[in-house]
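In: what's the 3D shape of this:
(one chain, ligands or ions: 1)
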Amino acid sequence: MTTSTVTTTLRLGTRASELARTQSQTVADAITAATGAAVELVPIVTQGDRSSAAIAQLGGTGVFVAALREALLAGEVDLAVHSYKDLPTAPEPGLIIAAVPDREDPRDALVARDGLILGELPPGSKVGTGAPRRVAQLRALGLGLDVVPIRGNVDTRLGRVVGSGGEGADLDAVVLARAGLSRLGRLGMITETLDPLQVLPAPAQGALAVECRTSDARTRELLGRLENSAARACVLAERSTLATLEAGCSAPVAAYAEVAEGDHGPELFLRASVTAIDGSDAVRGSITGPLPEAVALGRALAAELLDRGAVELMAVTP
Ligand SMILES: NCc1[nH]cc(CCC(=O)O)c1CC(=O)O
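Out: All right, here's what the predicted structure looks like:
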């Protein structure tokens with residue numbers, strides 16, 4: 001007797017953090033629902049999970065990714081789910097992003113004391129955030145906010161807000177990705193979802209990258225069924241902007257693409273900004289074009305921002 005279905009369980013390597021495990025489990029469930037394949041989560045400890053040093057000192061968010069990729073390349077696991085915005089822009093030889101699933105709302109979110117929104121925070125209010133992109137854009141609003149660097153997992157950050165019940169709560173507000181709060185079931189704590197006109201999201205924020213070995217045809221085929229091609233086009237455009245600016249995850253670069261209905265069908269509407277870390281100046285721009293041109297659109301917009309002084313803005317020190 002022969003059987004045409006291979007029933008081996010797919011091994012999904014995941015970081016131990018609650019956000020990583022939640023994202024991984026969501027994708028595991030989606031794979032099983034779409035293909036019938038069984039998926040098992042395999043915990044992998046990364047340098048970033050072990051250390052309390054600032055991520056920038058560890059060499060960027062790439063530290064979270066490296067251990068997962070090693071396990072993939074070694075054949076210890078068959079797939080990994082990354083927060084797409086944490087991936088370096090350079091492709092990893094031997095690995096492929098086999099699926100970009102449906103994307104969460106990519107916007108940033110404010111969690112403030114007493115239900116306050118950004119415009120209600122009095123000058124001098126302490127607002128915690130780790131990402132230089134958020135630091136720069138919050139300063140550039142000109143509200144006189146005291147932007148404080150913070151680190152730690154989502155619940156640690158939320159606990160820093162006065163009134164949250166966290167021990168030693170010392171901040172008036174924190175700014176986080178809405179997507180992370182959504183995945184952790186903490187949307188109720190958001191006091192304002194920040195309009196991209198004020199704070200433009202990070203390239204690929206809210207999107208997941210489902211990665212496997214390039215040579216693993218079976219896993220690639222299974223994962224392909226989770227693909228959302230519009231989400232992939234948006235992410236490609238945003239990350240091509242970032243790559244062309246030769247900026248990493250620690251640069252004050254924002255990029256956000258949406259699919260809008262144009263005269264001749266769906267089009268990408270891509271916006272990007274580079275903001276001086278002290279908030280003193282910024283360049284912003286946008287471009288529109290067909291989805292298959294995503295990468296070229298990102299490059300063209302980045303080239304425009306470079307022409308208009310992006311490098312000088314990125315060189316500003318706090
Ligand atoms: N840099 C850490 C990180 N990586 C992905 C997310 C949230 C989820 C996402 O953007 O997909 C976060 C936390 C945050 O920025 O608040």
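
In: Walking through this protein, point out its strands one by one.
Out: With DSSP state E as the definition, the chain shows strands at residue ranges 10-14, 39-43, 79-83, 95-99, 108-112, 126-129, 146-149, 173-177, 192-193, 208-213, 253-262, 265-275, 282-289.

In: a markdown table for these, including distance to the ligand?
Out: C-betas here are computed from N, CA, C, even on glycine. Shown next, in a markdown table, are those (distance: least, C-beta to the nearest ligand atom, whole Å):
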| stretch | distance to the ligand |
| --- | --- |
| strand 10-14 | 14 |
| strand 39-43 | 18 |
| strand 79-83 | 3 |
| strand 95-99 | 14 |
| strand 108-112 | 8 |
| strand 126-129 | 8 |
| strand 146-149 | 13 |
| strand 173-177 | 4 |
| strand 192-193 | 13 |
| strand 208-213 | 7 |
| strand 253-262 | 12 |
| strand 265-275 | 17 |
| strand 282-289 | 20 |
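
In: Output those strands as a markdown table; include the columns mean pLDDT, mean neighbour count and distance to Glu167.
Out: Formatted as a markdown table, those follow (pLDDT from 0 to 100; neighbours: other C-beta atoms under 10 Å; distance: least, C-beta to C-beta, whole Å):
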| stretch | mean pLDDT | mean neighbour count | distance to Glu167 |
| --- | --- | --- | --- |
| strand 10-14 | 97 | 22 | 28 |
| strand 39-43 | 97 | 15 | 27 |
| strand 79-83 | 97 | 26 | 27 |
| strand 95-99 | 98 | 21 | 40 |
| strand 108-112 | 98 | 25 | 17 |
| strand 126-129 | 98 | 22 | 15 |
| strand 146-149 | 95 | 16 | 17 |
| strand 173-177 | 98 | 25 | 15 |
| strand 192-193 | 98 | 18 | 25 |
| strand 208-213 | 98 | 24 | 32 |
| strand 253-262 | 95 | 20 | 33 |
| strand 265-275 | 97 | 22 | 33 |
| strand 282-289 | 98 | 17 | 37 |
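
In: Turn these into a markdown table, including distance to Leu138.
Out: Below are these laid out as a markdown table (distance: least, C-beta to C-beta, whole Å):
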| stretch | distance to Leu138 |
| --- | --- |
| strand 10-14 | 31 |
| strand 39-43 | 35 |
| strand 79-83 | 21 |
| strand 95-99 | 31 |
| strand 108-112 | 10 |
| strand 126-129 | 6 |
| strand 146-149 | 5 |
| strand 173-177 | 7 |
| strand 192-193 | 13 |
| strand 208-213 | 26 |
| strand 253-262 | 12 |
| strand 265-275 | 9 |
| strand 282-289 | 12 |
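
In: Centre of the chain to stretch 34-49, how far?
Out: Using C-alpha atoms, centre = their mean, to the nearest Å, the mean C-alpha position of stretch 34-49 is found 19 Å from that of the whole chain.

In: ok, Gly188 - how many residues close by?
Out: Using other C-beta atoms under 10 Å, Gly188 has 7 other residues around it.

In: per-residue confidence at it?
Out: Per-residue pLDDT puts Gly188 at 97.

In: Report the separation between it and Leu158.
Out: 11 Å (C-beta to C-beta, to the nearest Å).

In: Repeat that for Leu297.
Out: Using C-beta to C-beta, Leu297 is found at 36 Å from Leu158.

In: Compare neighbour counts for those two and give me the winner.
Out: Ranked by neighbour count (other C-beta under 10 Å), Leu297 and Leu158 place Leu297 first, with 27 against 21.

In: quick one, what contacts the closest residue to Arg284 other than its chain neighbours?
Out: With sequence-adjacent residues excluded and distances taken as C-beta to C-beta, 6 or more residues apart in numbering, Arg284 is closest to Ser273, at 4.3 Å. By C-beta atoms under 8 Å, 6 or more residues apart in numbering, Ser273 lies in contact with Gln137, Leu200, Val253, Ala254, Ala255, Ala282, Val283, Arg284, Gly285, Leu305.

In: Would you agree Leu68 is in contact with Val42?
Out: No - in this structure, Leu68 is not within contact of Val42 by C-beta atoms under 8 Å, at 10.0 Å.

In: Find residues that contact each of the two.
Out: Gly13, Thr14, Val77.

In: mind putting the residues you listed in a markdown table, distance to Ala260 included?
Out: Listed next are the shared contacts of Leu68 and Val42 as a markdown table, based on distance: C-beta to C-beta, whole Å:
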| residue | distance to Ala260 |
| --- | --- |
| Gly13 | 36 |
| Thr14 | 35 |
| Val77 | 38 |
